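S.K.: sharing a sequence plus its predicted fold:
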Amino acid sequence: MKNVSEAQTGPAATPAAGPGGAAPALDEQRGTRNRVVRSILDHGPSTAAEVALRLQLTQAAVRRHLDTLVAEGVVEPREKRVYGARTRGRPAKVFALTECGRDAFDQAYDKLAADALRWIAQAAGGGEMG
């Protein structure tokens with residue numbers, strides 16, 4: 001898997017100058033961001049609360065990572081569909097991967113589907129019914 005933050009350029013991509021430890025902290029943040037993105041990839045569009053629960057992180061920490069991922073174009077916020085009466089408060093947002101976010105992961109779904117269809121055609125004999 002590629003690191004979704006590697007392609008980032010500009011001031012936010014460079015660790016802040018400071019006394020030791022800046023690079024390890026940045027690596028840890030990237031690792032957590034990758035876990036957030038992987039969670040959304042595996043479970044589909046998710047709220048910050050759902051991701052926080054899955055990763056055993058605070059909602060505030062997940063929101064901070066999601067804000068960065070939105071700025072990088074890796075995820076996009078969407079309004080969560082509400083079935084029935086809506087509760088009070090601001091509407092929950094779900095976060096879904098963008099094309100850029102999906103491309104950061106090595107996925108071969110098209111090849112897998114083509115191979116499966118080829119196998120089914122061969123197994124069925126390729127006749128009128130196959």
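M.R.: Great, that's in hand.
S.K.: centre-most residue in this structure?
M.R.: Residue closest to the mean C-alpha point of the chain, counted by Cα atoms, centre = their mean, is residue 37 at 2.7 Å.
S.K.: and the longest helix along the chain, what does it pack onto?
M.R.: When the chain is parsed with DSSP state H, its longest helix is helix 22-43. Counting contacts by 3 or more Cβ pairs under 8 Å, 6 or more residues apart in numbering; DSSP states H and E, helix 22-43 packs against helix 48-55, helix 59-72, strand 93-97, helix 99-103. Every residue, glycine included, has its C-beta placed from N, CA and C.
S.K.: rerun at 7 Å
M.R.: helix 48-55, helix 59-72, strand 93-97 (3 or more Cβ pairs under 7 Å, 6 or more residues apart in numbering; DSSP states H and E).
S.K.: list the buried residues in it.
M.R.: Neighbour counts over helix 22-43 (16 or more other Cβ atoms under 10 Å) mark 29, 30, 32, 33, 34, 35, 36, 37, 39, 40, 41 as buried.
S.K.: wait, what's in contact with the residue lying closest to residue 49 once chain neighbours are set aside?
M.R.: Leaving aside its sequence neighbours, residue 49 sits nearest to residue 59 (Cβ to Cβ, 6 or more residues apart in numbering; 5.6 Å). Listed by Cβ atoms under 7 Å, 6 or more residues apart in numbering, the contact set of residue 59 reads 48, 49, 52.
S.K.: contacting residues around the first one?
M.R.: Taking Cβ under 7 Å, 6+ apart, we find residue 48 in contact with 59, 62, 63, 66.
S.K.: and the furthest pair within those residues?
M.R.: Distance extremes for the contacts of residue 48: the farthest pair is 59 and 66 at 10.0 Å, using Cβ to Cβ.
S.K.: now do the SS call for residue 57.
M.R.: Following DSSP: H, G, I helix; E, B strand; the rest coil, residue 57 is assigned to coil.
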